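> Below: sequence and its predicted model.
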Amino acid sequence: MKFRIILICLIFIISNASLAQDSVVFDTRVSYMLKFYPDSTNKLEFEEEEMELLINDSSSLYRARSKRLNDSLSQTMEKKIDSVNMYGGEIVYPRPFPNTISHEIIKKDQKLLVIDRLKDTKKYAYEEDIGDMQWVLTEDTATIKGYLCQKATVEYGGRNWEAWFTTDIPIFEGPYKFFGLPGLIIKVSDQTNSWSFLVQDIEPELTRKVIVKVDHNKDYQVVNKNDFYKNKRYLLDNHFDMRAASGRVTYPSKEGENELRKQTIEYAEKDNNWIELF
Amino acid sequence: MLASFAQQFISGKVVDSLGLPIANVSITLSKIGKTGAILGFTASQKGGDFRIELKNKELDSLQLTLSHLSYDKKVIILANRSAEYGFELEERLEKIPEVRIARRPISWQKDTLNYSVDAFTSAHDRVIGDIIKKLPGIEVINGQILYQGKPIQKYMVDNLDLMEGSYGLLNETLPADAILDVQIIENDQPIKILKSLVVSDRASLNLRLKRFTTTGSGNVAGGNNQWSLNLTPTTFDKRFQIVNSFMTNNTGDDVSKVFKSMYTESSMNMENNKPSFLAIRNVHSPGFDERKWLNNRIFLYSSSLLKKLRNGLEVKTNVVYFNDLKKRTGRTYSEIFTPNQSVIMSESVSNRYRSNDLSAGVIIEKNEKEIYLRNNFRFQKRWNEDKGALVFNDLSTISQGRRQEDYHLENYLDVKRFIGKHFVSITSETSYGETPQELMVEPGQFSDILNGGEAIEKMKQEIHYRNFQTNNRLSFARRKGLFTFFSSVSLLHQTSRLATDLLLESAGVTTGAGIDFINALRTSKSEAKLSLKTDFEKNKWRLSLTTPYSVHVFDVQQKGEHAIRRKVKNVISPSFSVSYSLNANNNLDIRTYHGRSFNAMDRLYNGYILSNYRSLQRYEARILENKSFNSSIYYAYKNTARARFLNLGYRFSAGKQDYTFENHVDENGMITSSISDRSSTSKAHHLSGGASTFFRRAKTIVKLTGSLQFGSADYLLNEQLIKRVNRGYRVGFDLTNNLLSFMNWQYKVNYDHFQFDFSEVQSNAIISNNHHLELYFYPFKKHSLIANTAYYITNVAGQERQLFTDFTYRWTISKWGTDLELGMNNIFNNKLFIQRANTEFQLIESYFELRPRQFLISTKFMF
C-alpha cells in the first residue's frame, strides 16, 4: 500500500520580538584601509584590514568592517563546543581565524572604551581619557584623496604619529583612538610606517543607518590598560595549549594538530609590532 | 606688567537660526588666506560656548573659521586680541559628497560574500579545498564544510550543484587556479518557490570559475608490492559539467568512502532495508587506523554528469562502480561459560571477501518561481562472495562460503507549488529491495539437532528477503515569543517477505532440515506519527519538551497462518531537557526520556536461521516490546583564562522487556539463540568525569579522565535464568609537551578493567593497559619525522606485551608544490595483533594478522 498525502503547509511567523536592548544609531560611516606590518623584523609581509568609523552627534564606534563575521563566529563556535561536549561527542577544532583586528573603540563623553576579544575568546575592556592625546599642529599642507589636509603630530603609545586632517569635513574624529583635530583625519601613520590608515569611503547621511545594539549585561570584563596588554601577550603565546587542555577539541590527526600549533606559535612570534608598544 | 604675560582668548557662543546652541562646531584660527595653516582650534561645547587661546602675538589679525557637518561654513577676520563674539550658523543645504573607492579581498553584495581566491592563495596551495579551509568564517571538519558553525547546504560550481553532497571529490581535486571567487550566499533559500515563504538561515557555497575549462588532479604512490593511483579529470561548461574519477590501491585505503554525502538533509538512505542475515566466521579487526591492517585491492570508477536544458530542467546522472577484494586472517580463542561448564575452543580463520558494487542515480529538477519539482531515483546492486577456511580446535577443517546479492530501488519525489492561494507540498519516498543470501558450511554442524547425531556432509542456509517501504512526512514550525513549536505528521507503511530454508546434504542426497528451520514470513507495519516539540529559551534557561505520539498497526503471517492480525499499539514517548548556565563558567544540563519501542520487522521469524557455522538463531512471531527510561545530569566548569576545565556526569537507564533472550550452548560451543516469553529487566549506571589544565612554564597539557560503570540484565543460558552483572572502570592520563620548538611529544596511558559476573563463582574479566608515545621532530624547515610507538599490555596468558612502531618522513618541496612522503609502517614487522573482548557469556581472544612492514613513497600532481 502506498499512502499519498497532499497537505497545505508552511506558515512561518517570526515574532517581532521587542528589542530588549538599547540601540545606538549612526548616520555617518568613514572606512579606512589599515595597513600594518605585524612583524617588525619583516618589512615584506604586511596585512590589510578594512576598518570602519561610525559616527553620530555624541559618540563614535571604530571597528573592523568584518567584525560582524568574527564576532558571531567565535560565539557560535563556543556554543558548538559546549553542546558537543555536553553529549560526549567529539569535534575537530578549526584553525585559529586570522581576525587581525578584533578590538573596537567607543568614543563618548570624553572617554575612550577599548573592547577586545582576546585569544581565550572572552571580551576584555579598558578605559582612557580622550584628552590624553596632545596634538601639535604643523603648517604643512597636502591634498590627499582630493581633500586639502594639514599635518599634525602626536606622540602616543610609544610611537610618533603623523596625521593629515581636513577641515572640509568638520568632525573631530579619526581611526583608532585618534580624536580631537578640527577636521576628519584622512591619513595617519607612525614614523616607522608600521601602521598606517588611509580613508577609503566617506558616507555621510547613510541611507541605511547603522544600528548597533548595546547590551546592558556587559559581556566584557573591565581591566586596567597594563593588565590588558599583559594578558593579551600571555594569551597570544599560550592560547593553543590552553584550548587543547580543555579537552573540548580534537584534531583529525596529531600531525595536523602540531602543524597548527607551529603556525600559531609562529603567528604569535610574528605579532610583535602592536599599534601601542608595550 | 601683568597684561603682557596674561593669556589672551577669543570666546563666544554658536547658535542656529532659531537661537539654539550648536555643539561640536569646529572652530579654527589661521592666517588670513585660503590655504592658511591652522594655528589653533577648539570645539563648541554643549551650550554652544567656546574659548580659544591666541598664541601668535606677531600677527595683527586672524581668520576664524566655524564649520559643522550640518551647517554652512562661516569665515570671519578678527583682530588678534581677546574678545567675545556671538555667531549664528545657517543650515547647510549642500551635503558632503559621498566618496567610494572599492576593491577588497572580501566583499559583500547584499547576502553574498565574495572571497577573491587570488588574495588567499599562497605558494603551496594546489586544490580549491586548500583555499576554502582557510577563509575566515569557514571551517572544514572531516571534509564537511561549515560556515559560521553550520554545514553548508549546497556546494556549487557556477551555480550548478553537480555532486549532490559528495562534494569532497571536487573540493580535493579541483585546482585552485581555475577558480575566480568563492562565494558564500547567506540566508540562501535554494528552492525558489519558497523564497517568499520561508526564511532560511543556511548558507550555500558557490565557486565562480575563471573560464570554462577541463582540468583535474591526481595522486600516485608506490612501494614494496604496493600501489595507489587517483585520477580525477573534470570538465565545466555553461550548461554541462562532468567529473570522472578513477581510483585504485592496495595500500589499505578504502576509497569508496569518498562518496558519502555531506549534506545534512539528505533524504535518501540506501543502507536501510538491506539486512544481512548471514556471515562467515571472522576475526575481530584492530581498533586503530585501518591503513595499518586493511588488506585490500580496490578499483573504483565514478562519473557524474549534469546537463541544464533550455526549458530550465536540470538532469543529473551519477554512476559509481567498485570492485574490492579484502583478506583477513587470524585466530580466535573463545571460552564460553555455561552454568555447568566452560567450553574452550579455537578457530583459525582465513577469509577472502570479494565485493562488487554498482550504484546509479538520476535526478530531474525544475526549480522555478512557480513550481519546484525534484525527482531522485537511485539504483544499487551489489554482489558479494565471501570464502573462508576455518580450522576448529586444530582438528577439523570447515569451509564456509557466503553469497549475497542485493538490489535496491529508491525514489524520492518532492513537488511544491501554489494551487490558488494555497501552498501545497507533496513529498513521497518509496523504496524496494530484494536480497537473496546463501551460507554454505562443509562439513555440516549441529548434527545432534538436525540429523539425529549422524554426520552431515554439507549444509546450506538459503534466504530470500524482499522489502517495500513508503514514507510521507509533513512538518510545520512556528515561533511565538520565547517559544518555538515544531510539529510534524508522518505516515509510514512497510511490507516485507522473508523466506528461509536450511538444506542438508548427505551421501549426495539433499533434504530439508524440517519445519522448524523454515520461514515463510509476510509482515506489514503501518505507523502514523504526530510529534510536537516545544522549545523555550530565556536568559540562562533552555527548556525543551518533546511529545511524540504514534499508532502502529502490525500484521504478520508465518507459513500461511496469521500470527499477528492487525494488532494496534499506541505509543507516547516524552522527553524533557533543561539546561542552565549559571554563568559563563558553569553549566548544568538535565534530561530525561521515557518510551516504548518494538522489534524491527526483519526480526519476527520463528524458524531457525543458521547465521554462522556454529550459531542457530530465531526470534518470535510476535511484537517484542521494550520499555525504557533514561535520565542524565551533566555539570561542566570552565575557566578559559586560566585553562582549567572540569566535567562530571551521571547517567541512569532502566529497561523492561516482555521477553528474554535465551541461549543454549552445547559442549562443542554450538550456540542456539531464541526468545523466551518471560519478562526481563536491565539497569545501568554510568559515572564519568574529567579534569585538565595547562602548565605554562613547562608548556605541558595534563588531562585526567575516569569512568565507572555498573549494570545488570536478565537472560537465559542453558535453561537457567541468570542475572548478568557487568562492572568496569577506566582511567586515562594524557601528557602533551611542547617546550621545544623542534620537537614535541605526547604520552597517553589508559587502564581498563571490565568484567562480567554471571554467577557467584563465574566471571570473566579483561584488563588492558595501553601506552602510546608519539614523537614529532622538525630538524629542518620543510622536513618532518614522526615516530609513533604503542605498547599494549593485556591479561592474555602467555602473550602479554606487544610493541608497535611506525615512522613517517615528509619533505615539502615548495618548488613542485607537493609533499614527498616516505612511510615505514610496522617497523618491528609484527605479524599479529592480539586483543581480548568479552560478551555476557564469552571471553574471546583474537589474533589478527597485520599488514607486514611496508615502505611507501607518495606524491600529488595537477594537470
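Nice, thanks for sending it over.

> for the stretch 51-200 of chain A, which spans come out with low pLDDT?
Applying pLDDT under 70 to the stretch 51-200 of chain A flags residues A:66-100.

> For it, which segments count as helices?
Counting by DSSP state H, counting those that start in this stretch, the segments of the stretch 51-200 of chain A that form helices are A:67-86.

> Please apply the same query to chain B.
Assigned by DSSP state H, the helices in chain B fall at B:2-5, B:117-120, B:128-132, B:168-171, B:447-451.

> Show me what the third one packs onto, helices and strands only.
Taking 3 or more CB pairs under 8 Å, 6 or more residues apart in numbering or on different chains; DSSP states H and E as contact, the helices and strands that helix B:128-132 lies on are helix B:117-120, strand B:138-141, helix B:168-171, strand B:179-185. Glycine gets a C-beta too; all of them are placed from N, C-alpha and C.

> want to try TSV for these, with mean pLDDT, mean neighbour count and distance to A:W164 as columns?
Shown next, in TSV, are the helices and strands packed on helix B:128-132 (pLDDT from 0 to 100; neighbours: other CB atoms under 10 Å in any protein chain shown; distance: least, CB to CB, whole Å):
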stretch	mean pLDDT	mean neighbour count	distance to A:W164
helix B:117-120	75	17	28
strand B:138-141	74	20	38
helix B:168-171	88	22	46
strand B:179-185	89	20	35
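
> Mind checking those for the one nearest to chain A?
With CB to the nearest CB as the measure, strand B:138-141 is the member of the helices and strands packed on helix B:128-132 nearest chain A (3.5 Å).

> who does that closest one pair up with?
Sheet pairing for strand B:138-141, assigned by DSSP bridges, gives strand B:144-147 (antiparallel).

> Quick one: residues in contact with the strand it pairs with.
For strand B:144-147, the external contacting residues (CB atoms under 8 Å, 6 or more residues apart in numbering or on different chains) are A:94, B:132, B:137-140, B:151-152, B:155, B:167, B:171, B:184, B:203, B:205, B:262.

> got it, and stretch A:263-278?
For stretch A:263-278, the external contacting residues (CB under 8 Å, 6+ apart) are A:36-42, A:45, A:95-96, A:156-159, A:176, A:194-195, A:226, A:229-230, A:233, A:236-237, A:239-240, B:741.

> Any of those residues buried? List them.
Among the contacts of stretch A:263-278, those classed as buried by 16 or more other CB atoms under 10 Å in any protein chain shown are A:36-39, A:156-157, A:159, A:176, A:194-195, A:229, A:233, A:236-237, A:239-240.

> Identify the bridge partners of A:E203.
Per DSSP bridges, residues listed as beta-bridge partners of A:E203: A:R29.

> B:P275 and B:D253, how far apart?
According to CB to CB, to the nearest Å, B:P275 and B:D253 sit 28 Å apart.

> wait, B:N838
32 Å.

> Then B:G19?
Here B:G19 is placed at a distance of 84 Å from B:D253 (CB to CB).

> where does the stretch 301-450 of chain B come near chain A, residue by residue?
Contact residues (CB under 8 Å from any CB of the partner chain) of the stretch 301-450 of chain B with chain A: B:422-426, B:428, B:430.

> JSON lines please, covering the helices and strands packed on helix B:128-132 and showing distance to B:L89.
Formatted as JSON lines, the helices and strands packed on helix B:128-132 follow (distance: least, CB to CB, whole Å):
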{"stretch": "helix B:117-120", "distance to B:L89": "46"}
{"stretch": "strand B:138-141", "distance to B:L89": "51"}
{"stretch": "helix B:168-171", "distance to B:L89": "61"}
{"stretch": "strand B:179-185", "distance to B:L89": "47"}
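
> Those: which one's closest to B:S531?
strand B:138-141 (29.1 Å; CB to CB).

> Distance from the closest one to the middle of the chain?
Distance of strand B:138-141 from the chain centroid (CA atoms, centre = their mean, to the nearest Å) equals 13 Å.

> And stretch B:182-191, by the same measure?
22 Å.

> Compute the first-to-last residue distance for it.
One end of stretch B:182-191 sits 21 Å from the other (CA to CA, to the nearest Å).

> Just the strands from the stretch 551-700 of chain B, written as ranges.
B:561-572, B:575-583, B:586-598, B:609-612, B:615-617, B:625-639, B:644-657, B:660-665, B:671-676, B:680-695, B:700-717 (DSSP state E, counting those that start in this stretch).

> Of the ones you listed, give the one that comes closest to B:R354.
The nearest among the strands of the stretch 551-700 of chain B, by CB to CB, is strand B:609-612 at 18.4 Å.

> Give the pairing partners of the closest one; include direction for each.
Strand B:609-612 sits in its sheet next to strand B:615-617 (antiparallel), going by DSSP bridges.
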